[in-house]
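*Asks:* Please work out how this folds:
(chains A, B and C)
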Amino acid sequence: MGDPFSLEVAHTLSSCMSGIRTAGDLVLRMQLAKSMRIDEAKKYVAEKLGVEPIDLSDSDRMFEIRKKLNLGRPFDLNRAPRGIEAKINIARVLGITINSVELFKEKTGF
Amino acid sequence: MDKYFTRMGDGSGVYMSAEEIKEDILQGVKDAADRGKIPELTAEEMDYIFEIVTMPGNIVGVERGREVVNTSDSGSCKMTYHANIAMERSTSVLVSEKVLGADSVDIGNMDYSYKAVKQIVHNETPVMELAQLNTVMPVLYGSMPNLGLYTKPDGPVDNWSELLPMAKIDEARAAQEEAVEHAVRDMVFVAGEMYAAGADGINLDTCGASGDADYLASLLATEKIKEKYPNLGVEFGAAGEFVLGMHGKLEYEGTRIAGLYPHKQVKLAEKAGANIFGPVVNTNTSKSFPWNLARTVTFIKACSEVAEIPLHINVGMGVGGVPMTEIPPVDAVTRADKALIEIGKADGL
Amino acid sequence: MSLETILNEAKQSILDIDQEKATAIAQQALDEGLDPVKVLTDGYSVGIREIGELFSRGEVFLPEMILASEAMKAAVEILNSALEDKASKTVGKMVFATVEGDVHDIGKGIALALIQTQGVEVIDLGRDVPVEKIIEEAEKHGANVIGTSALLTTTMPNQEKLEAELRKRGMREKYKTIIGGAPCTQRWADKIGADAYAEDAAEGVTKVLELLSLST
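*Replies:* So this is what the prediction gives:
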């Protein structure tokens, strides 16, 4: 996205997946990790989560799936995994290496 | 005759007839095809751009299921520095994630250049470390290669912007080549520090802003970063729709860099090992939004057809069809998004 | 050689970036008694504008453009020698600065190189130049036109400040002003009261010449 900062809202509403409200973060991880184009990345993530690609942008569907798989959500009051905890689960579910997770393991003797 | 509300490239509102809009779309497409030596859009695609431009809603959206993902350019520091909200940057990362629904964000410093950041990287890495502990979405570190900063009086090499007007071409070229080495070293160094702090990726933002040598430095840095830190994602964002030839003779893998348009730039980014490429198409402020949008989509579609890595289009003030104004109107921004994704086949923004 | 051939050769010498040929054609034009102003306007100038257009499309690069403008300058020097009236050698004077707080001068350098080829004496004030200094230099050099470049939205207000300062000093009518730089627009020029806006270097040439025709 470009400048200035206020555009983020417009893009998100109009055309983006909405990050951890849905599965946007997971799809982006596949682009960063494996250079997957959007359809391939969605297909990959959908298969790992056991849903159809179109479900990945459905916040209602994904709220439940993220809860079930402990992948982190925008708000969660019941001692749900946060930050690095959720990413440990994401790395396992997606079958990828996440840099911060590896460092966390290294630092904690995980 | 019915008139539709749209905008000029400077953001001002304008009413245009259907015929005028269609003509501008056609001319925008032709301009891109002519400059980029790429195919024109089809008649159906131009009709669809017309439909998008003239849709009645103030904002429009992509079809369900066509949503893409976003990366940002200095996303975290925009709240802290630009909006001047007293907020530590790792906190603004959380706001982006939990409140704004971002798919990712990059942490950037107010002095947004790798050369500047190198000096203070020990104070930048704790921000990344804290963000990584608390954030679920990918967090990158971003900055500009900014080759111009390596020239005197700010840097060690002669200033080619001063040498060129004096027709000291050889000296200007030598200075640029020397600056490339410094810039590559700084980018790789910062990337290494950020990798050690847990970053998911490094964002080389506005590659080529100082011309083809700047672009070459970014390509070489990408190569080295991927070689040293294969797990660190690299986003390679361009500075302009074609690479400005300040040197003119530099090559990467046998291809001359100067003058390359997005569909050729992406192939170099791929060769260097970039994971995401961010193409730019500049907005012409004197032309209408339909003209700019059609032109942008033509370039992006051509780029998308040859790309093997995801494309995150720069869609913001003065780029990606969006008017050049500090508060880009949402009607234009959302229409640009829709056209770039549904016709241009963008993978992200 | 016919006038048409000379004009075409003059243009081509610039497009070919051939300084030797450019000067030879200029000399030949004088030897054959052709009007040097016509040779400059309809020959060399056409070539340099085409080079500017090719540059704006990414088909010619800055070093080539600089060399083309050097070739043109050499040809212009020869043509100028035939003009008895020294004052007519320059069509006007311009001071050109990147405004205070802004160190971007790539675009300004390109515009400057092109404008110079048109017989305009351009005094480059460099970058990060305060408004007071710009006015001082314009006065000192007896400029007709003041050009300012700004690449940042944060430094654009200095272009507005220049207009205000000129008005405050009662000097606004004395100069024509032209602005440029990525965030600038015609709307911005209208808003602050600048006389012209140029989107790129090639347009800068046209606009400066227009301003000079108005100011003289």
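
*Asks:* Please report how far the closest residue in space to residue B:216 that isn't next to it in sequence lies from residue B:63.
*Replies:* Once flanking residues are discounted, residue B:216 sits nearest to residue B:250: 4.9 Å by CB to CB, 6 or more residues apart in numbering or on different chains. (C-beta placed from N, C-alpha, C; glycine too.) For residue B:250, the distance to residue B:63 equals 42 Å [CB to CB, to the nearest Å].

*Asks:* Compare neighbour counts for those two and give me the winner.
*Replies:* Taking other CB atoms under 10 Å in any protein chain shown, residue B:250 and residue B:63 do not tie; residue B:250 has more neighbours (25 against 10).

*Asks:* Next one, pLDDT for the more buried one please.
*Replies:* We have a pLDDT of 97 for residue B:250.

*Asks:* in chain C, which spans are helices?
*Replies:* If DSSP state H is used as the criterion, the helices of chain C fall at C:3-15, C:19-31, C:36-39, C:45-56, C:62-81, C:106-116, C:131-141, C:157-168, C:186-192, C:201-215.

*Asks:* For the third one, enumerate the helices and strands it packs against.
*Replies:* In other words, helix C:36-39. Packing contacts for helix C:36-39, counted by 3 or more CB pairs under 8 Å, 6 or more residues apart in numbering or on different chains; DSSP states H and E, involve helix C:3-15, helix C:19-31, helix C:62-81.

*Asks:* export the ones you listed to CSV and tack on mean pLDDT, distance to chain B and mean neighbour count?
*Replies:* Below are the helices and strands packed on helix C:36-39 laid out as CSV (pLDDT from 0 to 100; distance: least, CB to the nearest CB, whole Å; neighbours: other CB atoms under 10 Å in any protein chain shown):
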stretch, mean pLDDT, distance to chain B, mean neighbour count
helix C:3-15, 94, 15, 19
helix C:19-31, 95, 10, 19
helix C:62-81, 87, 5, 22
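
*Asks:* Of all the ones you listed, which one comes closest to residue B:70?
*Replies:* helix C:62-81 (33.8 Å; CB to CB).

*Asks:* Please state the offset of the closest one from the chain centre?
*Replies:* Put simply, helix C:62-81 sits 13 Å off its chain's centre (CA atoms, centre = their mean, to the nearest Å).

*Asks:* packing partners for it?
*Replies:* Right, helix C:62-81 is packed against helix B:169-196, helix C:3-15, helix C:19-31, helix C:36-39, helix C:45-56, helix C:106-116 by 3+ CB pairs under 8 Å, 6+ apart.

*Asks:* Spell out which parts of chain B neighbour chain C.
*Replies:* Contact residues, chain B versus chain C (CB under 8 Å from any CB of the partner chain): B:10-12, B:35, B:148, B:161, B:164-165, B:167, B:169, B:172-173, B:210-212, B:242-248, B:258-261, B:284-286, B:318, B:324, B:326.

*Asks:* So among the residues you listed, which ones count as buried?
*Replies:* Applying 16 or more other CB atoms under 10 Å in any protein chain shown to the residues of chain B next to chain C, the neighbour count classes B:10-11, B:35, B:148, B:161, B:164-165, B:167, B:169, B:172-173, B:210-212, B:242-248, B:258-261, B:284-285, B:318, B:324 as buried.
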